[in-house]
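J.: predicted model and sequence below, questions to follow.
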Number of protein chains: 2
Amino acid sequence: MAALSQKHDVFHAIADPTRRKLLKLLADEELSVTVISEQFPISRTAVSKHLRILAEAGLVKERKVGRETRYRLEPTPLIELKQWLSFYERFWDNKLAMLKHYVENEEMSQWSRAERKENDEKK
Amino acid sequence: MAALSQKHDVFHAIADPTRRKLLKLLADEELSVTVISEQFPISRTAVSKHLRILAEAGLVKERKVGRETRYRLEPTPLIELKQWLSFYERFWDNKLAMLKHYVENEEMSQWSRAERKENDEKK
DNA sequence: ATTATACGAAACCATTTGGTTTCATGTCAA
DNA sequence: TTGACATGAAACCAAATGGTTTCGTATAAT
């Protein structure tokens, strides 16, 4: 039921580094295509195409505001990825891997917490 | 440090459904190329190429045994994926998403448990 | 020694991908 | 109303992708 033969699934969508950067960028704010494009060395049209692929995978939502099209992150489809990963976690019984995973998650949490604080203050 | 500009990173490697099926197949057992190929509708050569891509991403290890080449799962690079995902879990504070995530993980755990049991009995 | 098996390398092919430039259209501002 | 801005559509292109078939070579079996 997760992926009903969408043309672009989550796995495909996040395979491209540009699209992963797009997701990160849209995590905090809703942004217009032009503003987003300024962050990338490629053309606005190219960015627009990536955004559509992300939208087809359900990872971003678009909203028309006047002549702008604004995008924001929609993280729910990542659940499918999480679910897929969970199958392999049982093979991580290697102690070193578990430790590495733990440490990296801690680092990541701290950083994310700071990001959220920053985001909350903007509202 | 995670991905030192490998030609094929984890994100790219798991983007293809055939390669995801390969990983699942190799989770339980070490298998030879021919035996693996029998599980797929494509040629042995095509499967072999997919296996090399997975190997380049570090997701499988190969071992020569006589004239055979056997592959097995190497799950550690998936940590990078887990780490990447952890950043977005922060945005799952939507209650429905959390619930969905919880339920699906429970289902998956049960299934994994059954698989593991089956695997243990084979040994 | 000969034959069969397991595999990778190579050449090839169609389709997809990620990018471009150009053009048309809708919306905002003067 | 006239012009500037924001965007998507379309046509195009080179390279990557996912597949094939053919062939060579190493190993195992008879």
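T.: Great, that's in hand.

J.: surely residue A:47 is in contact with residue A:35?
T.: No - judged on C-beta atoms under 8 Å, residue A:47 makes no contact with residue A:35 at a distance of 10.3 Å. The way it works is simple: take the backbone N, C-alpha and C, and place the C-beta from them, glycine included.

J.: so between those two, which is more surrounded?
T.: When residue A:47 and residue A:35 are compared for neighbours, residue A:47 comes out ahead with 21 against 14, by other C-beta atoms under 10 Å in any protein chain shown.

J.: quick check: the residue of chain A found nearest chain B vs residue B:90, distance?
T.: Among the residues of chain A, residue A:15 lies closest to chain B, at 3.7 Å counting by C-beta to the nearest C-beta. Separation of residue A:15 from residue B:90 (C-beta to C-beta, to the nearest Å): 22 Å.

J.: ok, those two, which is more surrounded?
T.: residue A:15 (18 against 15).

J.: confirm that residue A:58 sits in a strand.
T.: No - using DSSP: H, G, I helix; E, B strand; the rest coil, the assignment for residue A:58 is coil, not a strand.

J.: give me the neighbour count for residue A:17.
T.: For residue A:17, using other C-beta under 10 Å, the count is 12.

J.: again but with residue A:38, I slipped
T.: Residue A:38, neighbours per other C-beta under 10 Å, totals 9.

J.: from residue B:19, how far out is residue A:91?
T.: 16 Å.

J.: anything in stretch A:43-50 sitting right up against chain B?
T.: No - Stretch A:43-50 is not in contact with chain B by C-beta under 8 Å from any C-beta of the partner chain; minimum separation 14.3 Å.
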